[in-house]
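Enquirer: need a 3D model of the sequence below.
(6 chains)
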4 protein chains.
Amino acid sequence: MQRMTRAQQQQQTKEMLFTAAMEQITKFGFEKTSINSITEAAGFSKGAFFSNFENKYDLLLQLTEKLKDEERTLLKSSLNINDKKHTISTNGLNAYFDHIKNNTACVILDIEMQLIASRDPQFKSFYYQFQQENNKALGEIICKVFAFKGVKPSLSPESLAQIFIALTEGLLLQNVDNPGKQIKAILEALIEKDNKNLK
Amino acid sequence: MQRMTRAQQQQQTKEMLFTAAMEQITKFGFEKTSINSITEAAGFSKGAFFSNFENKYDLLLQLTEKLKDEERTLLKSSLNINDKKHTISTNGLNAYFDHIKNNTACVILDIEMQLIASRDPQFKSFYYQFQQENNKALGEIICKVFAFKGVKPSLSPESLAQIFIALTEGLLLQNVDNPGKQIKAILEALIEKDNKNLK
Amino acid sequence: MQRMTRAQQQQQTKEMLFTAAMEQITKFGFEKTSINSITEAAGFSKGAFFSNFENKYDLLLQLTEKLKDEERTLLKSSLNINDKKHTISTNGLNAYFDHIKNNTACVILDIEMQLIASRDPQFKSFYYQFQQENNKALGEIICKVFAFKGVKPSLSPESLAQIFIALTEGLLLQNVDNPGKQIKAILEALIEKDNKNLK
Amino acid sequence: MQRMTRAQQQQQTKEMLFTAAMEQITKFGFEKTSINSITEAAGFSKGAFFSNFENKYDLLLQLTEKLKDEERTLLKSSLNINDKKHTISTNGLNAYFDHIKNNTACVILDIEMQLIASRDPQFKSFYYQFQQENNKALGEIICKVFAFKGVKPSLSPESLAQIFIALTEGLLLQNVDNPGKQIKAILEALIEKDNKNLK
DNA sequence: AATGAATGAGCGTTCATTCAT
DNA sequence: AATGAATGAACGCTCATTCAT
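Expert: Got it, this is the predicted structure:
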């Protein structure tokens, strides 16, 4: 078996730090999460952190990028499901739902990031550069659900995505048990309304 | 002119601290807001804080109570508008909308509080004890809007309130320009759907 | 029944503060005892303290004076017992022993004061002005015990008093169960020795 | 010349902090000694303290252990002097006396510790676990002095040690000039008394 | 005389960051 | 690359003290 190269080893360290950081920040919030607690949770010493990140803010940026990248990948693959299978068209959305249900951590993290963005203009533009792209993909998926029912949405794809996210995050924040139920109800209502108005 | 009594003076100090605390916490978040920055913003010394609050956590509790109380008062008076004037029934909701539009600070604060609640069980039960009551009032208002259109909502009042709040907070978090437009669209869609199903 | 005069009322307040101060300082030490804890224990507010004492250091001085005065009174009356009754001559000492046994608080306080004196020259001279006089009285009492056995002590009265106090405080500091037993053993040994050498 | 390893360097830092802590606590008492004053006196920043001690209480524990260990070492070596040289048997005691005379700081510190122990049950048991062992060694030494004179002490070794310490600390607390003189007088008296009673 | 809100210096502690190893 | 001792600013909080009432 081949040994890992230095670069691979460091990459692994970084992954472990990312994982630990996500856990800790989800649990305690960005401000209350200390670098020490992250590295210790990852099984390293403080030094490992500063070998992999410039500072705590840099971790925030890289973590944001990483999470948004993963989200984008997920959304893109969800789009493909819709495109390829042409089956019950909410599949793509369902995959995204499932992901969210199993990853409330990500939702909490996203809220945390948006709160930080609301206070830090520099981070705001950084965050929304990723967010916009993902919103477009999510908007497309939702439009496909409309399209499957033969309805052209009166709201823009971007608007639909924002509504979808707002509901997901807003309901989770309120500790609502089964947010998916309510989100689907709203989606159906919107589709019905646009369907009726079309005629 | 009568001088203020000492109790009145202290009350005034406390109000000023509350105001400063709201501003600072909205701007920087609860964790990043130092007691010093609050008292300085209010024009007092650090000690004034501890004459009025037991500790920083106590401020959080009292601020929560105060905001939720004010929210409840606003909601109750919005309900009265609906009851008394019998005019375009969305008035009550509009008043609430206006309030929110002019008080994004309150929305940000509420999100902050919900995030803290998601991490601190003690605060969670404290927060939701107020939230529940306000949700009931908000749910009633929304039901009146349905009722004005002669529609009985299929979703529970509580659910409707949660949806409403989720949209308000979730869209604001996403920096959406005119959340009211989208929220009204959804409300209409829900009413139309329930109206149709009724027949 | 006559009401208390203002002066009497204040004197009573001061007594209560003294009592509370002794308790708190014994329990927690002078540094760790806050003025607040004293006044609260006495059932007053902080303000009462500063109406009766200039500052915390002033309390230390007045408390020292008070305790040393009471000690002197006790010692003087013990001397009188010896003088008048001519009975078992250790009576005077016994009275002092009993007092100490029932007032370990005073011993702890005395140690606390001596420690402060060892660090604060100003307090040192204040403390030892009282201490010297009391030592003389205590030395006299011990000499009477010697005299009763017909022995002239080779150590000075002052030395004997110092030894006596050192043993009392030193053994209590070590948490020794029955210090009186050991102190008496030493006293007897000293008497015997001086008795033998006399012959 | 070899550079110091990091462990050695930290050990040196810790020693310097210990030394500074002893000086400051002796001068000002444990409560009035701030961590800042300790580290500054040692030539470090505040942070160095927390790299070497968990908190201020931890310093107290470690300082206690260190002082009691040194004391034990001194006592053990004093015992050896007696055993090996078989000369004037008070040598061992004299060595201890000399140590005390040159280290009034240690005596003051011991009194401080005992006062703390009298108020803090947790520290009490910590302190007395060391104190007991040292008392045994000191008691043995004193017994050897008795033995040299052919006398079997009527008081237990532990009692003798307690008396010895009580006198040392109690006389120093009273600012007595030459405590050794009085302590030796008492020791002689006890030996004479037991010698006489033996016959 | 007594109250207690307000002051502000100072405390113990945390923590992001640096850097010699 | 990773360690972790040391730095030092900042934090939450305590407390002796002041003073208007």
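Enquirer: which parts of chain A belong to which domain?
Expert: Structurally, chain A divides into domains by automatic domain parsing as follows: A:1-53, A:60-198.
Enquirer: now for these, which one comes closest to residue B:168?
Expert: Nearest to residue B:168 among the domains of chain A is domain A:60-198 (7.5 Å), distances taken as CB to CB. Backbone N, C-alpha and C define where each C-beta goes, glycine included.
Enquirer: ok, is that closest one in contact with DNA strand E or not?
Expert: No. Applying CB under 7 Å from any atom of the strand, one finds domain A:60-198 separated from DNA strand E by no less than 10.0 Å.
Enquirer: does that domain reach DNA strand F?
Expert: No. Figure legend: domain A:60-198 not in contact with DNA strand F (CB under 7 Å from any atom of the strand); closest approach 14.1 Å.
Enquirer: now that domain, how far from the chain's geometric center?
Expert: Relative to its chain's centre, domain A:60-198 lies at 8 Å (CA atoms, centre = their mean, to the nearest Å).
Enquirer: winner for burial among the domains of chain A?
Expert: Among these, ranked by average contacts under mean count of other CB atoms under 10 Å in any protein chain shown, first place goes to domain A:60-198 (a mean of 18).
Enquirer: that domain near chain B at all?
Expert: Yes. Counting by CB under 8 Å from any CB of the partner chain, chain B is contacted by domain A:60-198 at A:108, A:111-112, A:114-119, A:124, A:128, A:131, A:154-155, A:159, A:162-163, A:165-171, A:173-176, A:182, A:185-186, A:188-190, A:192-193, A:196.
Enquirer: before we move on, back to that, among the domains of chain A, show the one with the smallest mean pLDDT.
Expert: Mean pLDDT is lowest for domain A:60-198 out of the domains of chain A, coming in at a mean of 89.
Enquirer: can you spell out which helices and strands pack onto the host helix or strand of residue A:15?
Expert: Following DSSP states H and E, one finds residue A:15 within helix A:6-28. Counting contacts by 3 or more CB pairs under 8 Å, 6 or more residues apart in numbering or on different chains; DSSP states H and E, helix A:6-28 is packed against helix A:35-42, helix A:46-52, helix A:56-85, helix A:104-119.
Enquirer: quickly note the distance from the residue nearest to the spatial centre of chain A to residue A:107.
Expert: Closest residue to the average C-alpha location of chain A: residue A:71 at 4.8 Å, with CA atoms, centre = their mean. Between residue A:71 and residue A:107 the distance is 11 Å, computed by CB to CB, to the nearest Å.
Enquirer: contacting residues for the residue nearest to the centre of chain A?
Expert: Counting by CB atoms under 8 Å, 6 or more residues apart in numbering or on different chains, residue A:71 makes contact with A:106, A:134.
Enquirer: go on, residue A:26?
Expert: Counting by CB under 8 Å, 6+ apart, residue A:26 makes contact with A:105, A:108, A:109.
Enquirer: if we use 10 Å, what do you get?
Expert: A:33, A:103, A:104, A:105, A:106, A:107, A:108, A:109, A:112, B:118, B:119 (CB atoms under 10 Å, 6 or more residues apart in numbering or on different chains).
Enquirer: for it, give its distance to residue C:196.
Expert: 84 Å.
Enquirer: and residue A:93, by the same measure?
Expert: Taking CB to CB, one finds residue A:93 at 108 Å from residue C:196.
Enquirer: equivalent analysis for residue A:52, please.
Expert: Distance from residue A:52 to residue C:196, counting by CB to CB: 84 Å.
Enquirer: name the nearest residue to the residue in chain A that DNA strand F sits nearest to, ignoring sequence neighbours.
Expert: Closest residue of chain A to DNA strand F, CB to the nearest atom of the strand: residue A:47 (1.6 Å). Distance criterion CB to CB, 6 or more residues apart in numbering or on different chains; nearest residue to residue A:47, sequence neighbours excluded, is residue A:39 at 8.0 Å.
Enquirer: again with residue A:170
Expert: Spatial nearest neighbour of residue A:170, chain neighbours left out: residue B:166 (2.5 Å); criterion: CB to CB, 6+ apart.
Enquirer: quick one: distance of stretch A:12-31 to the chain centre.
Expert: That offset, for stretch A:12-31, works out to 15 Å (CA atoms, centre = their mean).
Enquirer: that stretch near DNA strand E at all?
Expert: No. Taking CB under 7 Å from any atom of the strand as the criterion, stretch A:12-31 and DNA strand E are apart, separated by no less than 7.7 Å.
Enquirer: returning to that earlier point: and the angle from the helix holding residue A:15 to helix A:35-42?
Expert: 110 degrees (axes from the mean of the first three to the mean of the last three CA atoms, to 10 degrees).
Enquirer: re earlier: overlap in contacts, residue A:71 and residue A:107.
Expert: By CB under 10 Å, 6+ apart, residue A:71 and residue A:107 have these common neighbours: residue A:99.
Enquirer: hang on, the earlier thing: compute the inter-axis angle for the one helix or strand the residue nearest to residue A:170 maps to and helix B:56-85.
Expert: Per DSSP H and E: residue B:166 is located in helix B:157-173. With the same axes, to 10 degrees defining the directions, helix B:157-173 sits at 120 degrees from helix B:56-85.
Enquirer: quick check, the residue in chain A closest to DNA strand E?
Expert: Residue nearest to DNA strand E within chain A: residue A:55 (3.1 Å; CB to the nearest atom of the strand).
Enquirer: quick revisit: for the residue nearest to residue A:47, give me its contacts.
Expert: A:13, A:16-17, A:20-21, A:24, A:45-50, A:52.
Enquirer: for residue A:133, same thing?
Expert: So residue A:133 contacts A:68, A:69, A:71, A:72, A:75 (CB under 10 Å, 6+ apart).
Enquirer: and with 7 Å instead?
Expert: With contact set as CB atoms under 7 Å, 6 or more residues apart in numbering or on different chains, residue A:133 has these partners: residue A:72.
Enquirer: gap between it and residue A:127?
Expert: Per CB to CB, residue A:133 is found 12 Å from residue A:127.
Enquirer: again with residue A:167
Expert: Per CB to CB, residue A:167 is found 20 Å from residue A:127.
Enquirer: can you check residue A:177 too?
Expert: Plainly put, residue A:177 is 29 Å away from residue A:127 if you go by CB to CB.
Enquirer: what of residue A:174?
Expert: From residue A:174 across to residue A:127, the span is 23 Å (CB to CB).
Enquirer: check residue A:71 too.
Expert: 12 Å.
Enquirer: what of residue A:102?
Expert: Using CB to CB, residue A:102 is found at 23 Å from residue A:127.
Enquirer: checking the spatially closest residue to residue A:112 that is not a sequence neighbour next. Helix, strand or coil?
Expert: Nearest in space to residue A:112, with sequence neighbours left out and distances taken as CB to CB, 6+ apart, is residue A:30 at 5.8 Å. At residue A:30 the chain is in coil, as set by DSSP: H, G, I helix; E, B strand; the rest coil.
Enquirer: which ones are touching residue A:30?
Expert: A:60, A:112, A:116.
Enquirer: hmm, back to that, just curious, which of the contacts of residue A:39 is nearest to residue B:8?
Expert: Set against residue B:8, the nearest of these by CB to CB is residue A:24 (45.8 Å).
Enquirer: and the closest residue to the closest one other than its chain neighbours, how far is that from residue D:99?
Expert: Leaving aside its chain neighbours, residue A:24 sits nearest to residue A:33 (4.4 Å; criterion: CB to CB, 6+ apart). Noted for residue A:33: a distance of 51 Å to residue D:99, by CB to CB.
Enquirer: and what of residue A:54?
Expert: Separation of residue A:54 from residue D:99 (CB to CB): 55 Å.
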